[in-house]
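*Asks:* Please work out how this folds:
(one chain, ligands or ions: 1)
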Amino acid sequence: MLLLAQSLPSSATTYNLDVKPILTRHCVQCHRAGEVGPFPLDSFESASKHARQIALAAATRFMPPWKPVAPGVSFHRERKLAALEIATLQSWAASGALRGSVASLRATPVAPSNEPDQRWRASTSYEVAGEGQDQYRCFVVPSGLDEARYIDGFEFLPGNRRVVHHALIFFDLSGAARKMDAEAEGPGYPCFGTPGFLPVASLGGWSPGNGRLTMPSGTAIRAPKGADVVFQIHYHPSGKTEWDQSEVAVYFAKQAPKRKLLDIALTSKAIDIPAGQADYKVRDWFEVPVDVTLQQIIPHAHFVARAARAWVIFPGGLKKSVLTITDWDFNWQDIYQLKAPLALKAGTRLEMEILYDNSAKNPRNPNRPPQRVVWGPGSADEMAGMHWNVTVDNEARDLEDLTSSLWGKMIRTIRQR
Ligand code: HEC
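*Replies:* Predicted coordinates for the structure are as follows:
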């Protein structure tokens, strides 16, 4: 054994030299105590025990979880291993998962963090039953803001990562959320799909592995004076009774935003999927009347959906794909922020298509046997959304044009059903 170790080539793949930096960069945010990953990968002992599984999960691209495939554009916080990193994990597993000398350990730089300007925390902890179905619950926290503030970054801090699957954060000025909270038994109120009111603003979503999210440069979300903050949390039972008290930490913009972030929502309410149909498609499109720049894109659908695609057709007829997800999973809701914002000149057509598989072959189909599925916010219903968050290149000249044609589009969508 000793001989064998001594005769190893000096280039042998080891944990300390080769593997630890990869795991630290791509895996440990979810694979550590109290996180969503099923086992920790933050020490030699735990990682080496799972070496073969790691190599396989990496080679099949099952891990790290990242839904977009063959993207036409690159996104921030892309969770993806390079081919060389996969090869390193494979060679480490194949050569016996060696520790390597600690002297060769390269330091991993830690990103500096600064204190948030405000924290909003659920007032009491909520009991999540160990068994049964997933739950969707909304919690209301008075913001206490005595003036409107602009938020340009936030971090959702789940109180209990074993059960918090994802969260969306909204602002309510109507008082409706408070009312539903008061009427429902226990902390918060049940909500799925939508929070049950029309939000004045939203910070967007959080899913495991996302740290602090920053708004596209020069933009911010306006949190109105006196608004209530509403967390819509998706809980996944862990097998035993758990408690959660989640929090959101926000960062205020130093000055009023220079640009507005507009939502061009491609959606459809014309969804009526016969039981058993495996290739039901919903499409929508919008032609931008003015020059805009795409900053981020957010798809939305429920459990029967299998694929989500977004693309543009430039005025010259050239097609460019923006987001392609072929293994849609409701559990991995993400905001996809473009690394290089995409210029969309007036006359560019934004298109989307969502594909639904309402057959028994879809492993995520909640109905056994399959049943007819129609549009609606409930977990047994379906939705189709592709939110294109854009800035207007010349706001002073063009903002009004864009907002009025978006109103026109919205009215057409409402009339669909
Ligand atoms: C964003 C969070 C996240 C990141 C990042 C992540 N994982 Fe995971 N991992 C999970 C979750 C959640 C599961 C359980 C998945 C499931 O059962 O569907 C899992 C499961 C696994 C499994 C078990 C697969 C099996 O056989 O069932 C392995 C191995 C694994 N991850 C390795 C890795 C490696 C290696 C990395 C980094 C290259 C990584 N993970 C990054 C969340 C993550």
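
*Asks:* Quickly list the domain ranges of this structure.
*Replies:* Here the domain assignment for the chain is 2-66+77-100, 118-252, 262-414, based on automatic domain parsing.

*Asks:* Switch the ones you listed over to CSV; also include mean pLDDT, mean neighbour count and distance to the ligand.
*Replies:* Placement of C-beta: from N, CA and C, glycine included. As requested, the domains of the chain are exported to CSV (pLDDT from 0 to 100; neighbours: other Cβ atoms under 10 Å; distance: least, Cβ to the nearest ligand atom, whole Å):
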stretch, mean pLDDT, mean neighbour count, distance to the ligand
domain 2-66+77-100, 88, 16, 3
domain 118-252, 92, 18, 3
domain 262-414, 93, 18, 8
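
*Asks:* The closest residue to His387 other than its chain neighbours in helix, strand or coil?
*Replies:* The spatial neighbour of His387 that comes closest, neighbours along the chain excluded (Cβ to Cβ, 6 or more residues apart in numbering), is Ile298 at 4.2 Å. Secondary structure state of Ile298, per DSSP: H, G, I helix; E, B strand; the rest coil, is strand.

*Asks:* With Ile169 instead?
*Replies:* Each residue gets one of three states, and Ile169 gets strand by three-state DSSP.

*Asks:* cool, and Leu342?
*Replies:* strand.

*Asks:* Which residues lie in contact with it in this structure?
*Replies:* When contacts are counted by Cβ atoms under 8 Å, 6 or more residues apart in numbering, Leu342 touches Val73, Thr293, Leu294, Val312, Lys320, Val322.

*Asks:* Which strand residues bridge the third one?
*Replies:* Think Leu294. For Leu294, the beta-bridge assignment (DSSP bridges) gives partners Leu342, Val390.

*Asks:* do the same with the fifth one
*Replies:* Under the criterion DSSP bridges, Lys320 forms beta bridges with Val312.

*Asks:* Name the nearest residue to Gly385, ignoring sequence neighbours.
*Replies:* That would be His300: by Cβ to Cβ, 6+ apart, it lies 3.6 Å from Gly385.

*Asks:* All the strands of the stretch 301-417 of the chain, residue numbers only.
*Replies:* According to DSSP state E, counting those that start in this stretch, the stretch 301-417 of the chain carries its strands in the segments 305-313, 319-325, 336-344, 349-356, 373-374, 385-392.

*Asks:* Off-centre distance for the fourth one?
*Replies:* The chain centre lies 19 Å from the centre of strand 349-356; the measure is Cα atoms, centre = their mean, to the nearest Å.

*Asks:* what packs against it?
*Replies:* strand 262-267, strand 280-287, strand 305-313, strand 385-392 (3 or more Cβ pairs under 8 Å, 6 or more residues apart in numbering; DSSP states H and E).

*Asks:* which residues touch the closest residue to Asp117 other than its chain neighbours?
*Replies:* Take Asp117 and drop its neighbours on the chain: the residue closest to it by Cβ to Cβ, 6+ apart is Phe252, 4.4 Å away. If a contact means Cβ under 8 Å, 6+ apart, then Phe252 has Asp117, Gln118, Arg149, Tyr150, Ile151, Asp152 as its contacts.

*Asks:* Contact partners for the first one?
*Replies:* Okay, so that is Asp117. Contact analysis of Asp117 by Cβ under 8 Å, 6+ apart lists Val250, Tyr251, Phe252.

*Asks:* right, and the second one touches Tyr150 too?
*Replies:* No - counting by Cβ atoms under 8 Å, Tyr251 does not reach Tyr150; the two are 9.9 Å apart.

*Asks:* so Lys254, which of the three states?
*Replies:* When the structure is reduced to helix, strand and coil (three-state DSSP), Lys254 reads as coil.

*Asks:* Please enumerate the helices of the stretch 1-150 of the chain.
*Replies:* Per DSSP state H, counting those that start in this stretch, the stretch 1-150 of the chain carries helices over the ranges 2-6, 20-26, 44-49, 51-59, 83-94.

*Asks:* Just tell me which of those helices ends up closest to Phe197.
*Replies:* helix 20-26 (38.2 Å; Cβ to Cβ).

*Asks:* residues making contact with that closest one?
*Replies:* By Cβ under 8 Å, 6+ apart, the residues outside helix 20-26 that reach it are 31, 41-42, 44, 47, 54, 64, 79, 81, 85, 88-89, 105-106, 108.

*Asks:* now do 7 Å
*Replies:* Outside of helix 20-26, the residues within contact range by Cβ atoms under 7 Å, 6 or more residues apart in numbering are Leu41, Ala47, Pro64, Arg79, Leu81, Glu85, Thr88, Leu89, Arg106, Thr108.

*Asks:* do the same with stretch 40-60
*Replies:* Residues lying outside stretch 40-60 but in contact with it, judged by Cβ under 7 Å, 6+ apart, are 15, 19, 23, 27-28, 31-33, 39, 63, 81, 86, 89-90, 92-93, 97, 99.

*Asks:* Keeping just the C-alphas, turn it into CSV.
*Replies:* In CSV, the C-alpha atoms belonging to stretch 40-60 read as follows (Å, rounded to 0.1, in the frame of the first residue of the first chain):
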residue,chain,number,x,y,z
PRO,A,40,-22.2,17.6,2.5
LEU,A,41,-19.3,18.0,0.1
ASP,A,42,-17.3,20.4,2.1
SER,A,43,-14.7,18.0,3.6
PHE,A,44,-12.4,15.3,2.3
GLU,A,45,-14.1,12.7,4.4
SER,A,46,-17.6,13.3,3.0
ALA,A,47,-16.6,14.0,-0.6
SER,A,48,-14.4,10.9,-0.9
LYS,A,49,-17.2,8.7,0.3
HIS,A,50,-19.3,9.9,-2.6
ALA,A,51,-16.5,10.2,-5.2
ARG,A,52,-18.1,7.8,-7.8
GLN,A,53,-21.5,9.4,-7.4
ILE,A,54,-19.9,12.8,-7.8
ALA,A,55,-18.2,11.8,-11.0
LEU,A,56,-21.4,10.3,-12.4
ALA,A,57,-23.6,13.3,-11.4
ALA,A,58,-21.0,15.6,-13.0
ALA,A,59,-20.5,13.6,-16.2
THR,A,60,-24.3,13.3,-16.9
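
*Asks:* Okay, and the beta partners of the residue nearest to Ala301 when sequence neighbours are not counted?
*Replies:* Spatially, and ignoring its direct neighbours in sequence, Ala301 is nearest to Ile354 (5.3 Å; Cβ to Cβ, 6+ apart). Judged by DSSP bridges, the bridge partners of Ile354 are Val282, Ala308.
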